[in-house]
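S.K.: Please find the sequence and the predicted model below.
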Amino acid sequence: MKKIVIIGGGAAGMMAAVLMSRDGNQVTLIEQNEKLGKKLFITGKGRCNFTNACTENEFLDAVVDNPRFLYSALSELNPEALIRLFESWGLKTKVERGRRAFPSSDRSYDVIDMFKRQLKEAGTEVLLNCQAAGIRVEDGAAVGVMVRKAGKAPLDSVNGVHRFDGERFSGAREFFIPAEAVVVAAGGLSYRSTGSTGDGLRFARELGIKVTETYPSLVPIVCKEESLRALQGLSLRNVELIVRSGKKELFRERGEMLFTHFGVSGPLVLSASARLGPMIGRKPLTAAIDLKPALTDEQMDRKLVAFFQENPNRTAANALAPMLPSRMLPAVLKAAGLEPDRKANGVTRTEREAILAAIKRFPLTFTALRGYEEAVVTKGGVSVREIDPKTFEAKKVRGLHFIGEVLDLDALTGGYNLQIAWSTAASCAKNIGRSRE
């Protein structure tokens, strides 16, 4: 039996705590918030898209940074095995479009409640309203965690069995918890209001462990064009987003997107932010929306000719009304250099080609990513080159492990990032006692 301290009561921390406790270890889980799973609660718009029911190869294709590092973790707990595990723990699940897996109730709280029950049954010691102030290292090994009581709430455990403001710590606001292993599951920098304040990254840096540069990921994008504000709230479906740097194509994908007061958002844009993150902001990137990706330029031109011939006395905007969302029409015509009240029978071939270009390549300029408070995950983190891919132990500090979002691992939307948390936690739990080779 090992004495293990886990820092962070989010997805990775709770999974590791349950599995390690069930293996007979004495586990203390430290969470600085007043409750567990605060970020998990808001994922999937409160529905908790906890994984994607895809194959392992498909999963790795969705991982943007360092997918190969996850081979061992994914073999320990893949999406199919995770769904079975959650079902065995009493959570009813379902799989929806895009193979996104959710609790059948559509309530993220049910996932958190499942973990609370498992923690209680496993006998995990849980400290809420407590912040890890630092990790103590002696002779190259982690030996425990300095803890600081946070807030005014009583220091208590989630399962109501242990109280730590009395006998165990003599009411101290700061105390030391000795451990044979310390697991950092403190998350990254995204959604800081949920407690993701970068403490895990700080611990790594303080101990000489490399941390790669971090960026917001799966985040909306700011555009140069102020005219987009008129489109705020307009959602586009079945469109294609293409992003280029000069003549080089960097991104092309179909799906849904949304105009905002600052630029664009929605699934397509979040995917682009994940793929292009560090490039956006260093220099403007040209983007284009193909509003009719199912049609070639030639097919689109024939449609335009037909629309204008069938409606010669209508304005160009009215003639195109069956083809595009009404709020999109003025923007398309403006991009083409035409007034909305221009009569269809007066549109020249050159002007028609300009309209075609605006429909097939509606122009945008990406200038910046939005901040961490709007980011789903953090790109960058503790370098995977510093971490054992099975035990998740730091190569420079024995007994110190990093799991979940704190690592330099990130993926697209669709449940993949939470699966990274579950899999890294499961592999760490399975192999935490394994000696270094």
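M.R.: Received it, and whenever you're ready, just let me know what you need.

S.K.: chain center to stretch 311-319, what's the gap?
M.R.: 45 Å (C-alpha atoms, centre = their mean, to the nearest Å).

S.K.: any idea of the mean pLDDT in that stretch?
M.R.: Average pLDDT, stretch 311-319: 89.

S.K.: Alpha carbons of that stretch, as CSV, please.
M.R.: The C-alpha trace of stretch 311-319 is given here as CSV (Å, rounded to 0.1, in the frame of the first residue of the first chain):
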residue,chain,number,x,y,z
ASN,A,311,-36.2,36.7,-61.6
PRO,A,312,-35.1,39.5,-63.9
ASN,A,313,-37.0,42.3,-62.3
ARG,A,314,-36.2,41.4,-58.7
THR,A,315,-33.2,42.9,-56.8
ALA,A,316,-30.1,40.7,-56.7
ALA,A,317,-30.7,40.2,-53.0
ASN,A,318,-34.3,38.9,-53.6
ALA,A,319,-33.2,36.8,-56.5
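
S.K.: Only the buried residues of it, if you could.
M.R.: For stretch 311-319, burial by neighbour count (16 or more other C-beta atoms under 10 Å) applies to 311, 314, 315, 316, 317, 318, 319. Where C-beta positions appear, they are placed from N, C-alpha and C, glycine not excepted.

S.K.: and if you look at stretch 15-34?
M.R.: Buried residues in stretch 15-34 (16+ other C-beta under 10 Å): 15-21, 23, 25-33.

S.K.: now swap in stretch 52-69 and tell me
M.R.: Applying 16+ other C-beta under 10 Å to stretch 52-69 flags 52, 53, 54, 59, 60, 62, 63, 64, 65, 66, 67, 69 as buried.

S.K.: Kindly report the same for stretch 203-220.
M.R.: Buried, per 16+ other C-beta under 10 Å, within stretch 203-220: 203, 204, 209, 211, 212, 214, 215, 216, 217, 218, 219, 220.

S.K.: Those: which two are farthest apart?
M.R.: 209 and 220 (31.2 Å; C-beta to C-beta).

S.K.: sorry, back to before: among the buried residues of stretch 15-34, which lie within helices?
M.R.: 15, 16, 17, 18, 19, 20, 21 (DSSP state H).

S.K.: How many neighbouring residues does the residue lying closest to the fifth one once chain neighbours are set aside have?
M.R.: Ranked by C-beta to C-beta, 6 or more residues apart in numbering and with sequence neighbours excluded, the top spatial neighbour of residue 19 is residue 429, at 3.7 Å. By other C-beta atoms under 10 Å, 29 other residues sit near residue 429.

S.K.: if I read this right, residue 352 contacts residue 308, doesn't it?
M.R.: Yes. Using C-beta atoms under 8 Å as the test, residue 352 is close enough to residue 308 to be in contact (7.3 Å).

S.K.: Pull the residues that contact the helix or strand harbouring residue 298.
M.R.: Here residue 298 sits within helix 297-310, counting by DSSP states H and E. Residues outside helix 297-310 that contact it (C-beta atoms under 8 Å, 6 or more residues apart in numbering): 292, 295, 316, 319-320, 322-323, 344-345, 347, 352-353, 355-356, 359-360.

S.K.: got the buried residues for that helix?
M.R.: Quick answer for helix 297-310 (16+ other C-beta under 10 Å): 300, 301, 303, 304, 307, 308.

S.K.: Quick one: distance of the helix or strand hosting residue 420 to the chain centre.
M.R.: Counting by DSSP H and E, the element that carries residue 420 is helix 416-431. With C-alpha atoms, centre = their mean as the basis, helix 416-431 stands 15 Å off its chain's centre.

S.K.: Kindly provide the whole-number mean pLDDT of that helix.
M.R.: 97.

S.K.: how near is the residue nearest to residue 40 when sequence neighbours are not counted to residue 432?
M.R.: Spatially, and ignoring its direct neighbours in sequence, residue 40 is nearest to residue 11 (5.3 Å; C-beta to C-beta, 6+ apart). As judged by C-beta to C-beta, to the nearest Å, residue 11 and residue 432 stand 18 Å apart.

S.K.: what about those two, which has more around it?
M.R.: residue 11 (31 against 23).

S.K.: Please name the residues that touch the more buried one.
M.R.: 37, 39, 40, 404, 418, 421, 422, 425.

S.K.: Repeat that for residue 381.
M.R.: 188, 200, 201, 211, 212, 214, 405, 406, 407, 408, 409.

S.K.: Can I get the residues you listed in a markdown table including distance to residue 3?
M.R.: Below are the contacts of residue 381 laid out as a markdown table (distance: C-beta to C-beta, whole Å):
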| residue | distance to residue 3 |
| --- | --- |
| 188 | 27 |
| 200 | 20 |
| 201 | 25 |
| 211 | 27 |
| 212 | 31 |
| 214 | 31 |
| 405 | 25 |
| 406 | 21 |
| 407 | 24 |
| 408 | 28 |
| 409 | 27 |
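
S.K.: Restricted to helices, list those.
M.R.: 200, 201.

S.K.: Got the domain ranges for the protein?
M.R.: 3-215+378-431, 220-370 (automatic domain parsing).

S.K.: Please work out which of those is packed deepest.
M.R.: domain 3-215+378-431 (a mean of 20; mean count of other C-beta atoms under 10 Å).

S.K.: So for it, first residue to last residue, what's the gap.
M.R.: End-to-end distance for domain 3-215+378-431: 15 Å, by C-alpha to C-alpha, to the nearest Å.

S.K.: on that earlier part again, now, which of the ones in helices among the buried residues of stretch 15-34 sits nearest residue 139?
M.R.: residue 20 (23.7 Å).

S.K.: isn't the closest one right next to residue 4, touching?
M.R.: Yes. Residue 20 lies in contact with residue 4 (C-beta under 8 Å); the separation is 5.6 Å.

S.K.: picking that back up, would you reformat the buried residues of stretch 311-319 as a markdown table and include distance to residue 147 and secondary structure?
M.R.: Listed next are these as a markdown table, based on distance: C-beta to C-beta, whole Å; DSSP: H, G, I helix; E, B strand; the rest coil:
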| residue | distance to residue 147 | secondary structure |
| --- | --- | --- |
| 311 | 72 | coil |
| 314 | 72 | coil |
| 315 | 69 | strand |
| 316 | 68 | helix |
| 317 | 64 | helix |
| 318 | 68 | helix |
| 319 | 69 | helix |
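
S.K.: closest to residue 109 among those?
M.R.: Taking the buried residues of stretch 311-319 together and measuring to residue 109 by C-beta to C-beta, the closest member is residue 317, at 47.2 Å.
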